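Enquirer: sharing a sequence plus its predicted fold:
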Amino acid sequence: MNKVVTRIPPSPTGRLHIGTARTALFNYLFARHAGGRVVFRSEDTDRARSKAEFEEEIIEGLRWLGLDWDGPISRQSARTERYQELLHQVIQSGHAYLSKEPAKDDPGREVEVVRLKNPGSEVVFEDLVRGPINTHTGELGDFVIARSIDDPLYHFAVVVDDLDAGVTHVIRGEDHISNTARQILIQEALGAPRPAYAHLPLILDEKRAKLSKRSGATSLMDYRAEGILPEAMVNYLALLGWNPGTPQEDFSLAELAGAFSLEGIQKAGAAWDRAKLLSVNQRWMRKLSDAEYAELVAKQPGREESAEGAATLEHSAASLAAKPPIIGLLKERAQTFNEARAMLAGELKCLFETPTLDRAQLTAKEAVAGSTPSYLAAAKEAIGNLPADADADTAKTALMPLADNNPKEKGGRGAVLWPLRYALSGQEKSPDPFTLISILGKTEALARLEAAIALLG
RNA sequence: GGCCUCGUCGUCUAAUGGUUAGGACAGCGCUCUUUCAAGGCGCAAAUACGGGUUCGAUUCCCGUCGAGGCUACCA
C-alpha cells in the first residue's frame, strides 16, 4: 500500500495568505491522519516576484500555527537542471516541441518556447471532493510549458516536483480545478503516475468573492499581531469548509488530525466571518492559564512595540500575573489580546491609577438632592468592616443590603450603587463595584470613597 | 463569451427519500446588573426557482436563475 504523501507548495510572491494557510493545514491534517508525509516546497519559479522574505514569513506563519513537514524544504529555483532534463525528455519522446515565435511581451523579439503536443483528448479525473470531472482538452491547444528550454512554467514544474516527491494526494484550492487537466496531460507525456486530487472550496469574503486584500485582513501574520491565538486560527480555519460530522466545535490541532477526513469537506465556498473567528479566539483565550495570558498580553508575537510601550506592557504583565482577578476580567471581556491591552488602558484603567472624579457624574443618579454623601458614608463604613482581603462576593454581601434597603422614592438601588461604582472607578463604564473593591483592596477603596465624599462636601 | 464548479437560516454547517429541517456565530428580547461586559433563559431566521420521479422530496433527474473559478510565455 502506498504511503500518503501530500504537499505544502506556497509561492513566495506575497505575504502569507489565509487561504494558503488553510490549504497547508488541510494537507497537513490529511497526511498526519493517514500516518503519511507532508513535503514543503517553495514555488519560486517566478524569479521576478519571489522574495526570500516572503518565504520566511510563510514558514514562520505555518510553524506558528503548529504545522510541520517532513524532509528539507525544496525550492523550484534550485531544480532547474532536473526540469531541463525532463523538458528534453518530453521533446525527444515527441510529446513536446520547441517553437520559435515572437515574445508575448515584446513582439519584436523572437523566443523559443516549449509547447506540449496536445493530443486533444478528453481528460476525466476523480476529484475526491466533487466526484468525476471531465475536461475537453482540445480547447487548450498546444499550450506552453516552458518559456525556454531552461525556464519551465508553473504547470510543468509542479508535475515534475510532485513526481519526484512521490506525492500521492494533491489537495488544493478549487481555483486549480481547471488547471488539473493540463497537468494530467503533462504527467502523461512524462509517463508519470497520476496522484489523487481533492479540490477545496475557496474562502470567500462577505460579498462572496474570492478573499482578497481589499476584503479586509488576509494576512495570517496580521491576525497574529492582533492577538489571535494560533489554536483559535487553526480551529476556525479547519471548520471553514470542513466538518467532523459530530457536534464538536472546539478542536486542537492534534484532535483535528485525529478526526480529519476528505468526506467532511464542503463543496460550496465558505465566507470568512470575522465575528466567528473572534468568538473562537475568545474561547481559546479563556483556556489559557493566568500566567500564559499575562505573558501574551505583554508580549504579543509579531507585534511591534516602542521601547517605552514594551516596558510599560512588561510591567503591567508582571503586575497582572500577580492579580488573577484582573485576568479574570480580561478573559470575560476581551476577544483578542489587542482588545485586552486596550481595556487595560481604557475601561480597566481605574484598577491601576486613582481616578479623577467629576461631581456631576457622581450624583447623576441621585433622586433626592444631597443624599449621595450619606450613601457613600454608609458604604464606607461597610467597607471598613470588611476583612482586608475580601473577595467580590463578600463585598457584595456586605454592601448590597444598603442598596436594597434604599426606598424606591429615594432612587432605589441605583442611587446607591451608581455613586459607589463611580467613586471607585471614575468611569462611566467599569466592572461592578464589588469586583472593584476586591481588586483595589480595602485601603484604596476607602481612600477613593473619602475623595468622593470630600468632593461633594 | 467559452469551459468548469457550486447553491440549507445573515454566516459556518447538520440532516441524503419520511425530522416540529438540528447546532454554532451574529441579531433581537428577557433575566442578572440601574454602568459596560460576561453568564442564564428565550425569540426570530433557511432547503434559490420551475418542472419531473416517488405514496413521500433538502436529499434523485432535467431546466432556469444566481454565485464563484479558470480562460497567461503568473503561481
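Expert: Received, thanks. Residues are numbered from 1 along each chain as shown, chains lettered A, B, ... in the order given.

Enquirer: what's the helix or strand for the closest residue to RNA strand B within chain A?
Expert: Closest to RNA strand B within chain A is A:Gly414: 1.9 Å, counting by CB to the nearest atom of the strand. (Each C-beta comes from the backbone N, C-alpha and C, glycine too.) Counting by DSSP states H and E, the element that carries A:Gly414 is helix A:412-425.

Enquirer: just checking, what packs against that helix?
Expert: helix A:359-362, helix A:372-384, helix A:392-404, helix A:433-440, helix A:442-456 (3 or more CB pairs under 8 Å, 6 or more residues apart in numbering; DSSP states H and E).

Enquirer: distance to A:Leu190 added to those, as TSV?
Expert: Below are the helices and strands packed on helix A:412-425 laid out as TSV (distance: least, CB to CB, whole Å):
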stretch	distance to A:Leu190
helix A:359-362	77
helix A:372-384	82
helix A:392-404	71
helix A:433-440	69
helix A:442-456	76
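
Enquirer: which of these sits most buried?
Expert: With neighbours defined as mean count of other CB atoms under 10 Å, those peak in mean count at helix A:433-440, which reaches a mean of 24.

Enquirer: RNA strand B contacts on the stretch 251-400 of chain A?
Expert: Proximity of the stretch 251-400 of chain A to RNA strand B, by CB under 7 Å from any atom of the strand, involves residues A:264, A:266-271, A:273, A:275-276, A:279, A:332-333, A:347, A:365.

Enquirer: which of those sit farthest apart?
Expert: A:Lys267 and A:Lys365 (56.7 Å; CB to CB).

Enquirer: which one's more surrounded, the two?
Expert: A:Lys365 (18 against 13; other CB atoms under 10 Å).

Enquirer: any idea how far the nearest residue to the more buried one once chain neighbours are set aside lies from A:Phe30?
Expert: Distance criterion CB to CB, 6 or more residues apart in numbering; nearest residue to A:Lys365, sequence neighbours excluded, is A:Trp418 at 4.0 Å. According to CB to CB, to the nearest Å, A:Trp418 and A:Phe30 sit 57 Å apart.

Enquirer: one step back: could the helices and strands packed on helix A:412-425 be laid out in TSV, adding mean pLDDT?
Expert: Shown next, in TSV, are the helices and strands packed on helix A:412-425 (pLDDT from 0 to 100):
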stretch	mean pLDDT
helix A:359-362	92
helix A:372-384	94
helix A:392-404	92
helix A:433-440	94
helix A:442-456	94
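
Enquirer: so which of the ones you listed is nearest A:Ala423?
Expert: Of all the helices and strands packed on helix A:412-425, helix A:442-456 sits nearest to A:Ala423, with 3.6 Å by CB to CB.

Enquirer: could you give the angle of that closest one to helix A:372-384?
Expert: Counting by axes from the mean of the first three to the mean of the last three CA atoms, to 10 degrees, helix A:442-456 lies at 170 degrees to helix A:372-384.

Enquirer: now what about helix A:442-456, what contacts it?
Expert: Applying CB atoms under 8 Å, 6 or more residues apart in numbering, the contact partners of helix A:442-456 are A:354-355, A:357, A:359, A:362-363, A:372-373, A:376-377, A:379-380, A:383-384, A:386-388, A:390, A:419-420, A:422-424, A:436-437, A:440.

Enquirer: for chain A, what spans make up the strands?
Expert: A:5-8, A:37-42, A:74-75, A:96-102, A:110-116, A:122-127, A:131-136, A:144-148, A:151-152, A:169-173, A:196-200, A:203-204, A:270-271 (DSSP state E).

Enquirer: starting at the chain centroid, how far to the third one?
Expert: Here the centre of mass of C-alpha atoms in strand A:74-75, compared against the chain's by CA atoms, centre = their mean, to the nearest Å, lies 26 Å away.

Enquirer: with that, I have no additional questions.
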